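**Q** Here you go, sequence then predicted model.
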Amino acid sequence: MSQSLAAAAPPPTEPPSPAVAEGAAAKKIEGRSPWRLGMERLLRDRAAMISLGVIILIVLLAIFAPVIAAITGHGPDEQFAATGLTAIGQPKGPNSTFLLGTDNLGRDVFVRIAYGARISLIVGVAATALTVVVGAVAGLVSGYFGGLTDTLIARFIDWLLAIPFLLFAISLVVIIGPSLVVVIIVIGFFGWASVGRIVRGQVLSIKEKEYIEAARALGASSWRIMFVDILPNVLAPIIVYATLLIPLAIVTEASLSYLGVGIPPPTPDWGQMINDAQNVYQYGAWWFLVFPSIALLVTTLSFNIFGDGVRDAFDPRGDRLFV
Amino acid sequence: MARFLIRRILQGILVMWLVTVSVFLIFFVGPGPSSVARALAGKSATPQVVAAVSHRLLLDRPLYVQYGHFLWLLLHGNLGYSFYHSESVNSIIAAAFPITLSLVIGASILWVIMGVLSGVLSAVRARSLMDRTFTVLALFFYSMPTFVLGLLLLLVFYYEFTIHGIHLFPGSGYTSFTTNPGAWFRGLVLPWLTLSLVQAAIYTRLTRGSMLDVMGEDYIRTARAKGMPERRVIFKHELRAALTPIVTQFGIDVGVLLGGAVITETVFGMPGLGFTAVQAIQEQDLPVVIGVVIVTAAAVVVANIIVDALYAVLDPRVRLH
């Protein structure tokens, strides 16, 4: 992005006008790349910075889950029938041994939430990466080549957007068999259509620009033009969109697990924990339902606030969902 | 107009056809046919019995024969019969659809009122305390997974109320309107709230954004300059600009949700279309899955056509073609 804009705009180091030529004044108006301007705007955004801090905490929680397990002495899948369940076999509330209480099998809810953060973050990032790569390539190819290729990809995108996503996702997971990789692929497969549309639209306008014509005149191949000349110019909207896709992927994974077709038990997973909890909260085990719910909500909320800040900073003209 | 409708209906039929083909393919790629025959025949069944069961359900025939059979029935308005329950898919859907319809219609009224109203108030007093409050609320509910909100509402308004002797809302299930209108309403309050709070957030932001976009336009200034009352400027001119994106979003949402508000129905144990479909998927009951998927796709297609036709009414600049 920075290269092409710098090339199009007059060079920032033009001879300064006499009025500002002296010392420090000239330094103040040194050229800043759009990238740096965006970073500066993002760093000044207090809400975005706080949510980034929360995201970092969640990442640390996920990384150090084994440490938490070691300190508490409770493995993520370990069932404490004697200490972790009441006399009638019900979960125990938060206490000094089990900080956030136990679940229906006498497992430590806090340790499982820490391990569950791993699944949520892995799926959120991996599914979004898949979505973005497939969507960007499809959008580039569709917009650049046009014609039959474009029609086929556009119709496929229409089909993807018309089908009942959740029902198809559940069908696919049931048939292939639930696993982490399958969940990531299913979310990525159904998610790229929107990225593809955005990229295609951008490519359509960029490919008419003079510098693309120049590249073609110099004998650059189609692939080189697509990935070297066009791609860097559509990166900003892609990055902005991607940060907002992460919370969506996290919610989708949790929803699939809640419906029993996500990450198979006993792997600790927030959606799965909430699913287990809905059968025992009527016996008073609110902690088992509330704490994983808070973990999930805080994660999606922080990613959404941060994503909104990123959009604000790097794509000020883009449609904003939140201010 | 007629040409537009015919074209869109044909396109819609094409999409629906593609959807049925994809469901068929997904089912046959997996262990569907053999697992269904095995499950129906029972654990101790001999291979002969399993074969007989597959034969009766046509599961041993080539893919195109089964698909042809399905299409033939479909053209006669018959969606086939459930593999497991000796019931026609038509009657299964007829039983489930009113439940989903009750849920979605009630929730959609709520979310449009909440979303548009808060959006208008936000836009009129942009950057005020009220605007910020609505922004925070919208962000909060936008980030809220549906099942989390539903279960937390149940925890408070069903569990906590009930143990304190207040029996206001049932924990799950559905009572039809004709059986007991009061019970129908009480059973739907929490599902309506769940679905509408999550949805309203999007409408708040859409309304606010589109209204702020037009506020600086010349025709708004003209309207004020000629002495038009502020209320009229807001509702007649500014809100009008927000209508097109709201109608688009509304069409998509209602279309998708009519095919089954899968999560909400699951949380509240309401046997609507989404709930039925998830159960059928887990049993690999292909005819039921296809039936629900066709209804969903049809709802999405019809909603899209209505939205496009509405554009022309709302915005005279749009021409149908």
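**A** Good, I have the coordinates.
**Q** low pLDDT regions in chain B?
**A** For chain B, the stretches flagged by pLDDT under 70 are B:1, B:29-45, B:53, B:56-57, B:260, B:316-321.
**Q** what about the helices in the stretch 1-150 of chain B?
**A** B:2-29, B:32-41, B:47-56, B:63-75, B:89-124, B:129-143, B:146-153 (DSSP state H, counting those that start in this stretch).
**Q** will you turn the ones you listed into TSV that also has distance to residue A:210?
**A** All C-beta atoms are positioned from the backbone trio N, CA, C, and that covers glycine. Shown next, in TSV, are those (distance: least, CB to CB, whole Å):
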stretch	distance to residue A:210
helix B:2-29	37
helix B:32-41	55
helix B:47-56	65
helix B:63-75	52
helix B:89-124	40
helix B:129-143	41
helix B:146-153	49
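**Q** Comparing those helices, which comes out most buried?
**A** helix B:146-153 (a mean of 23; mean count of other CB atoms under 10 Å in any protein chain shown).
**Q** and after that one, which helix or strand comes next?
**A** Using DSSP states H and E, the helix or strand that directly follows helix B:146-153 along the chain is helix B:161-163.
**Q** Spatially central residue for the chain, please.
**A** Since you didn't name a chain, this refers to chain A. residue A:246 (1.7 Å; CA atoms, centre = their mean).
**Q** if you could check chain B rather than the one you did, that'd help
**A** By CA atoms, centre = their mean, chain B has its centre lying nearest to residue B:257, at 0.3 Å.
**Q** For that one, identify the helix or strand it belongs to.
**A** With secondary structure defined by DSSP H and E, residue B:257 is part of helix B:239-258.
**Q** can you give me the angle that helix makes with helix B:89-124?
**A** If you take axes from the mean of the first three to the mean of the last three CA atoms, to 10 degrees, helix B:239-258 sits at 150 degrees to helix B:89-124.
**Q** Pull the residues that contact whichever helix or strand comes after helix B:239-258.
**A** Remark: after helix B:239-258, the chain's next helix or strand is helix B:262-267, criterion DSSP H and E. Outside helix B:262-267, the residues that touch it by CB atoms under 8 Å, 6 or more residues apart in numbering or on different chains are A:166-167, A:170, A:255, A:258-259, A:278, B:99-100, B:103, B:146-147, B:150-151, B:154, B:191, B:194-195, B:270-275, B:277-278.
**Q** which one is the residue nearest to the centre of chain B nearest to, not counting chain neighbours?
**A** Sequence neighbours aside, residue B:104 is the residue nearest to residue B:257 in space, at 4.7 Å (criterion: CB to CB, 6 or more residues apart in numbering or on different chains).
**Q** In contact with the one you found, which residues are there?
**A** Going by CB under 8 Å, 6+ apart, residue B:104 touches B:195, B:254, B:257, B:258, B:261.
**Q** so how far is residue B:92 from it?
**A** According to CB to CB, to the nearest Å, residue B:104 and residue B:92 sit 18 Å apart.
**Q** Also residue A:163?
**A** Taking CB to CB as the measure, residue A:163 falls 21 Å from residue B:92.
**Q** sorry, back to before: right, and the helices of the stretch 1-150 of chain B - which one's nearest residue A:119?
**A** Minimum separation from residue A:119 across these (CB to CB) falls at helix B:146-153, 16.1 Å.
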